[in-house]
Structure formats: structure tokens, C-alpha cells
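In: what's the 3D shape of this:
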Amino acid sequence: MRQIKSVLDFFVFSNIYVALPVSALAWSTFLLFGSKVNFDIVIFIYCSTLFIYNVHRIVGLHKIETQFLSPRHTWALKNKGILYLGMFLAAAGSLFLLNRLEITFLYVLLPSGIIAFGYSVPIIKRNGKYWRLRDLPFAKVFLISLTVSYVTVYLPLYEYAIIDWSNLTILGFFCTRFLFILAITIPFDIRDIDFDAPSSLNTLPLLFGVEKARKLSIIFLSLFAGLVLFLFQSSTFSTLALLLSALFTAWIVSYAKKESGEYYYSLLVEGTMIIQFGLVWLVS
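Out: Numbers count the residues shown, from 1 in each chain. Below is the predicted model:
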């Protein structure tokens with residue numbers, strides 16, 4: 001049992017697994033739009049996500065006081081070498097794949113790259129000190145939702161996006177993705193409520209309380225479902241797959257509380273993106 005836990009800790013806390021759901025959502029975008037899957041883009045999104053996650057973990061470790069160290073932080077402190085190695089390999093993979101993609105892909109990538117960099121690295125001067133974008137009040141969940149939605153929608157569809165950014169079909173789908181990601185990001189603020197409370201980092205659970213924050217997640221999933229019914233009314237199976245993923249996700253987030261373990265958040269909540277991909281893949 002201890003060996004199984006060690007293996008799970010490695011895959012989860014090194015972010016090897018955690019980067020997978022984001023690339024899975026990008027893959028599902030190709031499937032939902034009936035496009036040929038460009039695996040260079042899917043793998044690039046995996047590598048770049050792994051790179052950003054590891055940068056964020058390494059940069060953020062020194063900001064955490066000892067009493068707030070979680071198992072993932074303790075693991076990271078003991079295994080910084082693994083995080084640095086993963087970061088290096090992910091960066092190398094990203095650069096290799098970026099070289100295989102067209103220059104227009106780089107133009108579409110740039111906005112998300114800037115936000116992702118600013119999310120993990122202090123770039124904004126406020127009250128005499130430098131802040132990360134995630135440290136701004138109420139910004140964290142919306143920045144994550146915006147960036148992940150952009151990366152998993154506009155990067156797979158960059159050939160269309162570069163022609164017409166106002167394409168209503170793509171924009172509507174982006175909104176559904178944003179609502180879904182927002183719904184599964186709020187539980188992570190519930191997890192971090194004790195860590196966030198002493199700081200100036202206001203979050204939805206701190207403002208409304210844990211119970212109302214959970215209800216907000218369900219509301220966002222309901223809005224996601226309503227928009228899916230509108231956008232995919234001509235595609236019964238895709239609609240069914242997305243609605244089932246929303247139901248499963250609502251069930252998962254309804255159990256979110258600050259005492260929930262690391263595996264609940266990293267495997268189950270993050271895993272809702274993989275479930276959505278799996279359902280879409282089954283009907284495609």
C-alpha cells in the first residue's frame with residue numbers, strides 16, 4: 001500500500017498527471033468540432049502546462065509558512081530536483097513542438113503565455129512590492145478559467161481563430177469551457193481557504209463561505225449545461241456527453257470541503273476534465 005501511495009504521490013505531486021486533463025480537453029475540442037486531431041498541439045499543451053505548473057510550484061514554495069505546508073508542498077520540498085527535471089524536459093518538449101507548428105500558432109499562443117507567466121512570476125508592483133497575477137484579489141479562479149479555456153479552445157482551433165476571432169460558434173464554445181473550468185476551480189479555493197485567509201488574497205469561499213461557494217460551482221455547471229443545449233442542439237451525442245460530464249462534475253464538487261484530501265482534488269476534481277474527454281471520445 002505504501003508503494004502504491006508513493007507512486008501516486010509521484011505522478012500527482014510532480015504534475016505529470018495534473019497536466020494531462022488540460023491536454024485531454026484540448027483533444028476533445030478537436031473531436032467536438034469534427035477536426036483532425038493535431039497531436040503536436042495536444043502534446044505541446046501537455047508539455048507547456050507541465051512547465052507552468054512546475055514553475056508555479058517552485059516559485060510559490062518559499063511563500064508558504066510551515067504551518068500551511070500540505071502533503072504536496074512537503075513532497076515538493078523533498079523532491080525539488082524532480083520538479084526542476086520535469087520543468088526542463090517540458091520546456092525542451094514545448095520548444096521542439098513549437099518549432100514544428102506554424103508561425104500563426106505562436107501569435108495565438110502569445111496572450112495565454114503572458115497570462116501564465118504573470119500568474120506564477122511576480123510582475124506587478126503594488127504597495128511597494130511585486131505581486132503575481134494570482135495574488136490580486138479574486139483574480140485566481142478567473143485567470144485560471146480564462147487561460148485554460150483559451151488554451152484548450154483557441155489553440156486547437158488556431159487556424160480558424162487567426163482568421164476570425166469573433167466567430168460566434170468558437171466564442172460560444174469558449175464560454176461553455178470557461179463556465180466548466182470555473183466550476184471546478186472554485187473547489188481549489190475551498191481547499192486553500194486556511195492558507196488564503198491571513199493574506200490579502202480574497203477568494204469566493206472567503207467572501208461567501210464554503211457552502212455558498214459549492215453552490216456557485218453548481219450554478220456555473222448549470223449555465224454550462226444550458227449553453228451546451230443551445231450550441232450543440234444539432235449534435236445529440238455530443239450534447240449528451242457534455243451533459244453527463246456536467247452531472248458527474250456536480251456530484252464531485254458537491255463534496256468539496258477544506259478537509260478533503262489531496263487525491264480528492266488532484267485525482268477527482270482535476271479528473272472531471274478527463275471524464276469529459278472520455279465521454280466526448282466515446283460518442284465521436
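In: quick one: low-confidence ranges for the protein?
Out: Scanning the chain for pLDDT under 70 picks out the ranges 63-68, 120-128, 130-131, 133, 135-137, 161-166, 196-201.
In: any chance you could map the strands in it?
Out: 124-126, 129-131 (DSSP state E).
In: how about Val12: what's its closest non-neighbour residue?
Out: Ser266 (4.6 Å; CB to CB, 6 or more residues apart in numbering). C-beta: built from backbone N, CA, C; applies to glycine.
In: residues touching the one you found, list them.
Out: Shown in contact with Ser266 (CB atoms under 8 Å, 6 or more residues apart in numbering): 12-13, 17-18, 72.
In: so can I have TSV of those showing distance to Leu227 and neighbour count?
Out: Shown next, in TSV, are the contacts of Ser266 (distance: CB to CB, whole Å; neighbours: other CB atoms under 10 Å):
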residue	distance to Leu227	neighbour count
Val12	31	20
Phe13	34	24
Tyr17	29	18
Val18	26	22
Arg72	33	18
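In: using JSON lines, please lay out the residues you listed together with distance to Ser28.
Out: Below are these laid out as JSON lines (distance: CB to CB, whole Å):
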{"residue": "Val12", "distance to Ser28": "22"}
{"residue": "Phe13", "distance to Ser28": "26"}
{"residue": "Tyr17", "distance to Ser28": "17"}
{"residue": "Val18", "distance to Ser28": "17"}
{"residue": "Arg72", "distance to Ser28": "26"}
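In: if we take these, which one ends up nearest to Leu95?
Out: Val18 (21.2 Å; CB to CB).
In: for the closest one, what are phi and psi?
Out: phi -60, psi -30 (degrees, to the nearest 10).
In: what separates it from Leu243, distance-wise?
Out: From Val18 over to Leu243 the distance is 26 Å, taken as CB to CB, to the nearest Å.
In: which residues does Phe10 contact?
Out: Phe10 touches 16, 82, counting by CB under 8 Å, 6+ apart.
In: quick check: it vs Arg72, distance?
Out: From Phe10 to Arg72 the distance is 12 Å (CB to CB).
In: check Ile186 too.
Out: From Ile186 over to Arg72 (counting by CB to CB), the distance is 19 Å.
In: how about Gln233?
Out: For Gln233 relative to Arg72 (CB to CB), the value is 41 Å.
In: again, but for Ile193
Out: 16 Å.
In: who's in contact with Ile274?
Out: 20-21, 24.
In: for these, give me JSON lines that also has neighbour count and distance to Ser48.
Out: Putting these into JSON lines (neighbours: other CB atoms under 10 Å; distance: CB to CB, whole Å) gives the following:
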{"residue": "Leu20", "neighbour count": "19", "distance to Ser48": "13"}
{"residue": "Pro21", "neighbour count": "24", "distance to Ser48": "14"}
{"residue": "Ala24", "neighbour count": "22", "distance to Ser48": "14"}
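In: go through those residues and flag which are in helices.
Out: 20-21, 24 (DSSP state H).
In: touching, Arg100 and Asn38? I think so.
Out: No - using CB atoms under 8 Å, Arg100 makes no contact with Asn38, being 9.9 Å away.
In: when those two are compared, which one has more neighbours?
Out: Asn38 (19 against 12; other CB atoms under 10 Å).
In: just to revisit the earlier point, show me which of the contacts of Ser266 is closest to Gly278.
Out: Out of the contacts of Ser266, the member with the shortest distance to Gly278 (by CB to CB) is Tyr17, at 15.0 Å.
In: look up how far Phe232 lies from the closest one.
Out: 29 Å.
In: same thing with Leu223?
Out: 15 Å.
In: also Leu85?
Out: 41 Å.
In: got it, and Leu110?
Out: Leu110 is 30 Å from Phe232, by CB to CB.
In: more crowded one of these two?
Out: Phe232 (20 against 10).
In: grab the nearest non-local neighbour of the more buried one.
Out: That would be Thr239: by CB to CB, 6+ apart, it lies 4.4 Å from Phe232.
In: what does Leu101 give?
Out: Asp40 (6.0 Å).
In: the one you found: neighbour count?
Out: When neighbours are counted by other CB under 10 Å, Asp40 comes out with 15.
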